[in-house]
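Q: what's the 3D shape of this:
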Amino acid sequence: MIKITYSIFARPDVPEGQIRTLWMDEHRALLQRRARARGIVRYVQTLRSPSPIELKIARARGVAFEAPSGMAELYWESIEALETSFERPEAIAAYRELLEDEKGFTARSVASPWIGTQRQVI
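A: Numbers count the residues shown, from 1 in each chain. Alright, predicted model coming up:
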């Protein structure tokens, strides 16, 4: 399987509780309805669980602490299936609808999706 991973950075003008509802409930439901058109076979949402240890980990690594609100993982059966999801008219329409919905809760200027495959080690 192949996946796209998105770090979700919330819009600063939208309250945290509303972000959770918009992303984890409303956007999830929209994605579930559009998954078949997009060829998506799995969708995972990871909501950040803030903890003081995050700052300690960042300091230990010598990096600035900038945590996303969460992460979204979208899976396709293959890279070919992913590529096709950007070619078929119904898939493109579904993609545009999902992008439009994301504008309600994401700071899109810092959302950087990337493609990868998983390798389970433990």
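
Q: where's the residue nearest the centre of the chain, which helix or strand?
A: Centroid-nearest residue in the chain, with CA atoms, centre = their mean: Ala72, separated by 2.7 Å. Secondary structure assigned from DSSP states H and E places Ala72 in strand 70-76.

Q: hang on, the earlier thing: mind checking how far the residue nearest to the centre of the chain is from Arg28?
A: Between Ala72 and Arg28 the computed distance is 9 Å (CB to CB, to the nearest Å). From N, CA and C alone the C-beta is placed, and that goes for glycine too.

Q: Would you enumerate the residues in contact with Trp76?
A: Going by CB atoms under 8 Å, 6 or more residues apart in numbering, Trp76 touches Met1, Ile2, Lys3, Gly39, Ile40, Val41, Leu82, Ser85.

Q: Only the buried subset of those residues, as a ChimeraX command please.
A: Per 16 or more other CB atoms under 10 Å, the buried members of those correspond to this ChimeraX selection:
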select :2,3,39,40,82,85
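
Q: Quick check: the farthest pair among the contacts of Trp76?
A: Met1 and Ser85 (13.5 Å; CB to CB).

Q: The closest residue to Glu90 other than its chain neighbours in helix, strand or coil?
A: Using CB to CB, 6 or more residues apart in numbering and skipping residues adjacent in sequence, the residue nearest Glu90 is Ala37, 4.7 Å away. At Ala37 the chain is in helix, as set by DSSP: H, G, I helix; E, B strand; the rest coil.

Q: Low-confidence regions, the protein specifically.
A: 109-111 (pLDDT under 70).

Q: Would you map the strands across it?
A: In the chain, the strands defined using DSSP state E lie at 2-8, 42-47, 70-76, 114-116.

Q: can you list contacts of the first one?
A: Here strand 2-8 makes contact (CB under 8 Å, 6+ apart) with 23, 42, 68-79, 81-82, 105-106, 110-118.

Q: Cool, thanks, signing off.
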